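Engineer: Build me a model from this:
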Amino acid sequence: MVKIVIDLLLRIYAFPMNLALRLLPPCKWSGLKSTYITKLCTKDEYVLLSVLPKRVDDIAVKGTKKDFSDIAIILQGPVVMKDDFTLNTVRMYRKYYDRIRIIVSTWMDADKDMLKSIEAEGADVILNEYPVINPKGNLNYQLTTSLAGVRRAKEMGVKYVLKTRTDQRYYNPCALSMLQGMYQEGKLIFLGGVLNSFYSRPFYLSDFLAYGSIEELEILYSCDFDTEEAVRIQTEAKRQARFRQFIGWVNSADMNCDVTVPVEYEDATISYACPEIRIAYHYFLQKEDIGYYVTMKDAYDAFLCEHVILVDADSLGFYWLKYKYQAQNPSYFQRTGKLDAAKWYGLKAETKML
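Structural biologist: Numbering: from 1, shown residues only. Got it, this is the predicted structure:
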């Protein structure tokens, strides 16, 4: 109720400014918005404001002449109807990247008219059945749509895949060229500088984006699904002292990641972990023997240095139509303790892996 009242008051407060903005020419919007938002903040803060168009027709950027036919972009998850978000994302990528393959891997109950519009833009649509079991975290949902998209891309004969989400987009028209330039054979590019990439929590690496060869993406999303037995084990794991000790550590962890948790903790924590950890840890196990390492910090450091490339969300023009990301992109100081490209490069320099 409190949230509803606050939201109503904010709408009333913002109504005069929103009305004025609609009456102004688009070229005047940004400056006025910046001034307006700044006035709402305290005297102790600087404000950076990004104004991003909702529709592709409002993006005054021409695509490059580079041929992207050997790359597929996979948008996985439920189709976002608000502002025709998924549809406009498909249109945007079509505008940016010549001959790009686009796959929308979604669910059988998706809106049929919207699917027709998406297909009319040249995207390949996959309709998936919902998994019977899908515990908290939606691991099974993500694996279902992601793996289906990767396998369809493999049938198309493409070499590389960019896996994204239907509720996210990357506005930078050079994003895909940047990822191609950063790519190294046998490694995957993941997203840093977001709230679900940590250095202080082993293998807690954002699952928003993955870029690499079709073979590596297939390995990444071949992670085991949650089963009823897995859910029972996870529930039991929460009662174990070792699990509680580890969770206590990660909740108070800082950027130093000074942890000596032995690799044996894996049975109690990885089995219960969020999808980000489960997927990244699975990928690591396909690359190396966990028994070689004494602590999880050692294993995670090796994973980041030898098998992963980090790119910051800001560099790609990342936008997420969910939660507070609709209005705010957390600054460096708000994500202290998280993993970004700067921290990743620093780690590689410290371990002399550059």
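
Engineer: Could you point out the helix or strand that follows the helix or strand that contains residue 315?
Structural biologist: Secondary-structure assignment from DSSP states H and E places residue 315 in helix 313-316. The C-terminal neighbour of helix 313-316 among helices and strands, as given by DSSP H and E, is strand 318-320.

Engineer: which other helices and strands contact that following strand?
Structural biologist: Taking 3 or more CB pairs under 8 Å, 6 or more residues apart in numbering; DSSP states H and E as contact, the helices and strands that strand 318-320 lies on are strand 168-170. For every residue, glycine as well, the C-beta is placed using N, CA and C.

Engineer: Strands along the stretch 1-150 of the chain, start to end?
Structural biologist: Counting by DSSP state E, counting those that start in this stretch, the stretch 1-150 of the chain has these strands, from start to end: 71-76, 101-107, 124-128.

Engineer: what about residue 166, distance to residue 344?
Structural biologist: Using CB to CB, to the nearest Å, residue 166 is found at 27 Å from residue 344.

Engineer: Can you tell me what sits against stretch 61-74?
Structural biologist: The contact list for stretch 61-74 (CB atoms under 8 Å, 6 or more residues apart in numbering) reads 93, 95-103, 105, 146, 149-150, 152-153, 156, 158-164, 173, 176-177, 180.

Engineer: That one spans what distance, first to last residue?
Structural biologist: As for stretch 61-74, its first-to-last residue distance stands at 22 Å under the measure CA to CA, to the nearest Å.

Engineer: Please identify the buried residues of it?
Structural biologist: Taking 16 or more other CB atoms under 10 Å as the basis for neighbour counts, the residues of stretch 61-74 that come out buried are 63, 68, 71, 72, 73, 74.

Engineer: now stretch 213-222
Structural biologist: So for stretch 213-222, counting by 16+ other CB under 10 Å, buried means 213, 214, 216, 217, 218, 219, 220, 221.

Engineer: Surely the fifth one is within a strand?
Structural biologist: No. Per DSSP: H, G, I helix; E, B strand; the rest coil, residue 218 lies outside any strand segment and is helix.

Engineer: can you offset everything so residue one is 323?
Structural biologist: With 323 as the first residue, the last one maps to residue 540.

Engineer: Just to check, it is in contact with residue 477?
Structural biologist: No. Assessed by CB atoms under 8 Å, residue 540 is found out of contact with residue 477, at 11.9 Å.

Engineer: ranges for the strands of the stretch 573-676 of the chain?
Structural biologist: In the stretch 573-676 of the chain, the strands defined using DSSP E, counting those that start in this stretch lie at 630-634, 640-642.

Engineer: out of these, which comes closest to residue 431?
Structural biologist: strand 640-642 (22.9 Å; CB to CB).

Engineer: Give the pairing partners of the closest one; include direction for each.
Structural biologist: Sheet pairing of strand 640-642 (DSSP bridges) gives strand 490-492 (antiparallel).

Engineer: Can you tell me what sits against the strand it pairs with?
Structural biologist: Contact with strand 490-492 is made by 407, 411, 414, 486, 530, 531, 638, 639, 640, 641, 642, 643, as judged by CB under 8 Å, 6+ apart.

Engineer: 7 Å instead?
Structural biologist: Among residues not part of strand 490-492, those counted as contacts by CB atoms under 7 Å, 6 or more residues apart in numbering are 411, 414, 530, 638, 639, 640, 641, 642.

Engineer: quick one on the thing from earlier: output the buried residues of stretch 383-396 as a markdown table; include the columns distance to residue 595.
Structural biologist: Listed next are the buried residues of stretch 383-396 as a markdown table, based on distance: CB to CB, whole Å:
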| residue | distance to residue 595 |
| --- | --- |
| 385 | 40 |
| 390 | 35 |
| 393 | 30 |
| 394 | 28 |
| 395 | 28 |
| 396 | 23 |
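
Engineer: Same list, these, but as CSV with pLDDT please.
Structural biologist: Formatted as CSV, the buried residues of stretch 383-396 follow (pLDDT from 0 to 100):
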residue, pLDDT
385, 59
390, 94
393, 97
394, 98
395, 98
396, 98
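
Engineer: which one of those sits closest to residue 625?
Structural biologist: Within those, proximity to residue 625 (CB to CB) peaks at residue 396, which comes in at 23.0 Å.

Engineer: Could you check what's spatially nearest to the closest one, not counting adjacent residues?
Structural biologist: Closest residue in space to residue 396, ignoring its immediate chain neighbours: residue 471 at 3.6 Å, by CB to CB, 6 or more residues apart in numbering.

Engineer: I figured the one you found hits residue 426, correct?
Structural biologist: No. Assessed by CB atoms under 7 Å, residue 471 is found out of contact with residue 426, at 8.2 Å.

Engineer: domains for this structure, by residue range?
Structural biologist: Taking automatic domain parsing as the domain assignment, the ranges for the chain are 324-362, 379-546+630-672.

Engineer: how about those domains, which one is nearest residue 608?
Structural biologist: Residue 608 sits nearest to domain 379-546+630-672 of all those, at 5.2 Å, using CB to CB.

Engineer: ends of that closest one, how far apart?
Structural biologist: When the termini of domain 379-546+630-672 are compared using CA to CA, they are 46 Å apart.

Engineer: Kindly report the same for stretch 456-465.
Structural biologist: According to CA to CA, stretch 456-465 extends 11 Å from its N-terminal end residue to its C-terminal end residue.
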